[in-house]
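Novice: Whatever this is, show me its structure:
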Amino acid sequence: MTLAIVFLIVLALLFDFLNGFHDSANSIATVVSTRVLSPRYAVIWAAFFNFVAFLFFGLHVANTIGKGIIDINIINQSVIFGALAGACGWNIITWYFGLPTSSSHALIGGMIGAALVKAGPGSLVWSGILKTVIFIFVSPIAGLILGLSLGIIVYRLFRKSAPLKVDHVFRKGQLISAAFYSMGHGGNDAQKTMGIIASLLFSAGILGGKFYIPLWVVIACQGAIALGTMFGGWRIVKTMGQKVAKLKPVDGFCAESGAAIVLFISSAFGIPVSTTHTITGSIMGIGSLRRLSAVRWGVAGRIVWAWILTIPCSALISALAYYLARMVVR
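Specialist: Residues are numbered from 1 along each chain as shown. Take a look at the predicted model:
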């Protein structure tokens, strides 16, 4: 294993760390904003379930990223560097502005940008890209519908209960929903970095003639995303936890449960969805249950624009990074 490959693996794990750091707000925003857990205990809770997710999910998403977005035969060290630079760069920019964008789509945009510069449109696997793009819209809508539906069911079941009792029940319930959501987050997002590292190892001939995900890659990626979650993206916590909609424990339970269901299903089918999009849609759904004005649609609009710009912007950063890498190599 050359020094360049080791450097790229470290860079990939840095992206994974930034993914956890950037998306930790998604895992803990509702449980913190409802004051069920303090920020310190919330990140520990989320990080633990981020890490153990590999015990419950297959590696379908990792395989999609590894060979289902761009032609694996055109992948080399410069392509991987460009993809990771594009994804990390966009993550840092959106973290600075407090925008809960998708690390997953930033990585996919990075892969697309580098592949286009190297080999043109023919190097793209359009079926995998189309599936991902469709779920940019499907995952938040599904999260919204499930969050709203769970809210309707729960509110009807507890309509005769005293507010204090409901609050007491769902403060405990939210620990469970937050755990499931964090598990779904770790199970979907960490696998994207696994796919990147495995494709790098495959292109270098280290995996032999068969593409697969080594166990050490699985453990390293789950550990990196969990560590990133521990450090937390506090700028985004405020946006997710309070600016989109004011939440109570019962609302947080419904939002996290709805998002977790979407993540579990998408991971089972190997679809690299955005955990950010999913939880945001679910929060909007439960927020609109009380009244449409409960959702701050102006903030939601800014978030949606950031979603739309993620793939093209990360692709542009990646293309520039790939071009610079090729200049240095020459």
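Novice: Tell me who's in contact with W90.
Specialist: For W90, the residues meeting the contact criterion (CB atoms under 8 Å, 6 or more residues apart in numbering) are 101, 106, 109-110, 310, 313-314, 317. Bear in mind the C-beta positions are built from the backbone N, C-alpha and C, glycine included.
Novice: Next, the buried residues of the strand or helix carrying it.
Specialist: Taking DSSP states H and E as the criterion, the element that holds W90 is helix 77-96. Across helix 77-96, burial judged by 16 or more other CB atoms under 10 Å covers 77-91, 93-95.
Novice: does L150 really touch C254, like I thought?
Specialist: Yes: under the criterion of CB atoms under 8 Å, L150 makes contact with C254 at 4.1 Å.
Novice: So between the two, which is more surrounded?
Specialist: A direct count of neighbours by other CB atoms under 10 Å for L150 and C254 places C254 higher, at 32 against 24.
Novice: quick one: pLDDT of the nearest residue to N76 once chain neighbours are set aside?
Specialist: Nearest residue to N76 in three dimensions, chain neighbours excluded: S203, at 5.7 Å (CB to CB, 6 or more residues apart in numbering). The predicted local distance difference test score for S203 is 89.
Novice: can you give me phi and psi for S203?
Specialist: According to degrees, to the nearest 10, the main-chain angles of S203 amount to phi -70, psi -30.
Novice: So it sits against D71, correct?
Specialist: No: taking contacts as CB under 8 Å, S203 lies outside contact range of D71: 10.9 Å.
Novice: Who has more neighbours out of these two?
Specialist: More crowded of S203 and D71, by other CB under 10 Å: S203, with 19 against 13.
Novice: just the helices in the chain please.
Specialist: Secondary structure of the chain by DSSP state H: the helices cover 3-33, 39-51, 60-67, 77-96, 103-119, 126-157, 163-203, 215-231, 234-238, 249-268, 275-290, 297-329.
Novice: May I see these organised as TSV, with distance to G209 added?
Specialist: Written out in TSV, the entries for these read as follows (distance: least, CB to CB, whole Å):
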stretch	distance to G209
helix 3-33	18
helix 39-51	31
helix 60-67	13
helix 77-96	19
helix 103-119	22
helix 126-157	22
helix 163-203	9
helix 215-231	18
helix 234-238	42
helix 249-268	27
helix 275-290	34
helix 297-329	26
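Novice: Out of these, point me to the one whose mean pLDDT is lowest.
Specialist: Comparing mean pLDDT over those, the weakest stretch is helix 234-238, at a mean of 52.
Novice: Could you check how many residues crowd around I176?
Specialist: Using other CB under 10 Å, I176 has 14 other residues around it.
Novice: same check, this time on the one 4 residues further on
Specialist: When counting by other CB under 10 Å, one arrives at 17 neighbours for F180.
Novice: give the contact list for I213.
Specialist: 59, 62-63, 66, 194-195, 198.
Novice: switch the cut-off to 10 Å
Specialist: Under the criterion of CB atoms under 10 Å, 6 or more residues apart in numbering, the neighbours of I213 are 54, 59, 62-63, 66, 191, 194-195, 197-198, 201, 207, 221.
Novice: Dihedrals phi and psi, it?
Specialist: Reported as degrees, to the nearest 10, the phi and psi values for I213 are phi -110, psi 110.
Novice: ditto for N76
Specialist: Taking degrees, to the nearest 10 as the convention, N76 sits at phi -140, psi -170.
Novice: So it sits against K118, correct?
Specialist: Yes: with contacts counted by CB atoms under 10 Å, N76 reaches K118, the gap being 7.9 Å.
Novice: Right, I'll call it a day here.
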